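Have a look at this prediction, sequence included:
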Amino acid sequence: MFGALKTAFRTHQPVSAFKSLTQSTPRGFHAVALRFAEQKSTMNPIKPELGASSLFGDVSAHVNEVPVEQGGKATVKEYQFSTANFKTSTKKLRLLANQIKGLDIQNAINQMEFSQKRPGKRVMNTLAFARTNATTQEKYSMDASKLYVDRAWVGKGIYHRRIKTHARGKFGVMHHPTAHLKFTLKERQPESTEAGRATRRNIRGWKQTKKVWTPLIEDKPIYNPTRTYNW
């Protein structure tokens, strides 16, 4: 290389000699890359394999779909519905929410139908409307005979302010509360008795069977009886 530079400076043509040096065939791994480029131009374009390509490259490998086991755990469907805000307090509506929680949908409707609470009729109509939507809508298609109220909770609404008149031309502000009831419907799944008992600890003092109440029998003899109480 130094000999070529010497001859270039002697002939006063350094630029042409430098171009000839840079355009020469590279050696080492550069020649391998050039040979691979020539093969790539003659052959069909090879797409990178999965995992060896960039994020935006084309992937030619076929992804093997993992079959889903037929005996796997089925997804539990649920349908959430809510009443509108109506004139009642959360304290009064919470009693009805606790009453229908965990009941079958038909049993919950019957409880609200004969309830003496004023919001009972509104809750009854909302439960019936939610059952119709959960069974007829294509997105859910739930079985009406298996529906039950899984959760039920109460939320606050807008508090309306009204004038409260007092004596001697004075007035105050009174607030009328509003509340709403939300609940979730699910399909009741068959539960095995073994799985239900496995969650309870079988340790000393906490047995699976209920303890039968027995009266206290005082069979201990009394020593040194006195006429007055000992305490």
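Sure thing, it's come through. Given the structure is predicted, the values throughout are model-derived calculations rather than measurements.

pull the longest helix from the protein.
Taking DSSP state H as the criterion, the chain has its longest helix at helix 120-136.

Report the buried residues of it.
Using 16 or more other C-beta atoms under 10 Å as the test for burial, helix 120-136 gives 120, 122, 123, 124, 126, 127, 128, 130, 131, 134, 135. C-beta here means a position set from N, CA and C on the backbone, and glycine is covered the same way.

which one of those residues sits closest to residue 76?
Using C-beta to C-beta, residue 134 comes nearest to residue 76 of the buried residues of helix 120-136, at 13.1 Å.

Now do the contacts for that closest one.
79, 140, 142, 144, 147, 185 (C-beta atoms under 8 Å, 6 or more residues apart in numbering).

so what pLDDT did the fourth one get?
pLDDT, the model's per-residue confidence, is 92 for residue 144.

do residue 80 as well
Note on residue 80: pLDDT of 95.

try the one 4 residues further on
At residue 84 the predicted local confidence, pLDDT, stands at 95.

count of neighbours near it?
Look at residue 84: counted by other C-beta atoms under 10 Å, it has 10 neighbours.

May I have the residues that are in contact with it?
With contacts defined as C-beta under 8 Å, 6+ apart, the neighbours of residue 84 are residue 180.

So it belongs to a helix, correct?
No - under DSSP: H, G, I helix; E, B strand; the rest coil, residue 84 sits outside any helix and is assigned coil.

Isn't residue 118 up against residue 88?
Yes - using C-beta atoms under 8 Å, residue 118 is in contact with residue 88, at 7.1 Å.

Between the two, which has more neighbouring residues?
residue 88 (22 against 12).

Do I have it right that that one meets residue 181?
No - using C-beta under 8 Å, residue 88 makes no contact with residue 181, being 9.3 Å away.

quick revisit: and the contacts of residue 134, which is closest to residue 100?
Nearest member of these to residue 100, counting by C-beta to C-beta, is residue 185, at 10.9 Å.

thinking again about what came up before, could the contacts of residue 134 go into a markdown table alongside distance to residue 109, neighbour count and secondary structure?
A markdown table is the format used below for those (distance: C-beta to C-beta, whole Å; neighbours: other C-beta atoms under 10 Å; DSSP: H, G, I helix; E, B strand; the rest coil):
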| residue | distance to residue 109 | neighbour count | secondary structure |
| --- | --- | --- | --- |
| 79 | 15 | 20 | strand |
| 140 | 18 | 14 | coil |
| 142 | 16 | 21 | coil |
| 144 | 11 | 14 | helix |
| 147 | 11 | 23 | strand |
| 185 | 12 | 26 | strand |
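
avg pLDDT for the longest helix of the chain?
Mean predicted confidence for helix 120-136 is 95.

One more: stretch 213-230?
78.

and residue 169, backbone torsions?
For residue 169, the backbone dihedrals (degrees, to the nearest 10) come out as phi 70, psi 10.

What count of nearby residues applies to it?
6.

What residues does it make contact with?
Contacts of residue 169 (C-beta under 8 Å, 6+ apart): none.
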